[in-house]
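Trainee: When you get a sec, could you give me coordinates for this:
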Amino acid sequence: MADENGHPELSEMELGKVMSALADPLRRKVVTELVGDADGAERTCMSFELGVTKSTLTHHFRVLREAGLVFQVDRGNSRKVTLRRRELNDRFPGLLDLIANESP
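Mentor: Next up, the predicted model:
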């Protein structure tokens, strides 16, 4: 069962939801940048510079969170995001490698 913030458990992560989330180029950009960051690195949502409104940014991160791609936590007056690297590698082996090696 997803937690109170909408993060699904490992067993609840569905390939269809993950692929649907990654189909959007802006969301795929977020995940690609996170794959390139150090394991466990936390970033603010604004650090990705997606060039969209705050409400659209919120929507994109909700989709990523509910698909199980990212973990979000409130840190004071900002929300930090991390890639669920270990969980994704356990559930969908090779997926992050494909994202990391995607041609621009």
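Trainee: contacts, neighbours, all on C-alpha from now
Mentor: Will do.
Trainee: residues near the closest residue to residue 10 other than its chain neighbours, how many?
Mentor: Leaving aside its chain neighbours, residue 10 sits nearest to residue 87 (6.4 Å; criterion: CA to CA, 6 or more residues apart in numbering). Residues within reach of residue 87, counting by other CA atoms under 10 Å, total 17.
Trainee: what packs against the worst-scoring helix or strand of the chain on mean pLDDT?
Mentor: Taking mean pLDDT, DSSP states H and E as the measure, the helix or strand of the chain with the lowest value is strand 70-75, at a mean of 89. With contacts taken as 3 or more CA pairs under 8 Å, 6 or more residues apart in numbering; DSSP states H and E, strand 70-75 sits against helix 54-67, strand 78-83.
Trainee: Show the contacting residues for residue 48.
Mentor: The neighbours of residue 48, taking CA atoms under 8 Å, 6 or more residues apart in numbering as the test, are residue 30.
Trainee: nope, residue 80 is what I meant
Mentor: Going by CA under 8 Å, 6+ apart, residue 80 touches 42, 43, 44, 45, 72, 73, 74.
Trainee: Can I get stretch 31-39 in CSV, CA atoms only?
Mentor: What follows is stretch 31-39, C-alpha atoms only, in CSV (Å, rounded to 0.1, in the frame of the first residue of the first chain):
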residue,chain,number,x,y,z
VAL,A,31,15.0,10.9,-14.0
THR,A,32,18.0,11.1,-16.4
GLU,A,33,19.6,13.8,-14.3
LEU,A,34,18.9,11.9,-11.1
VAL,A,35,20.5,8.8,-12.6
GLY,A,36,23.6,10.8,-13.2
ASP,A,37,23.7,12.1,-9.7
ALA,A,38,25.4,10.3,-6.8
ASP,A,39,23.4,7.6,-5.1
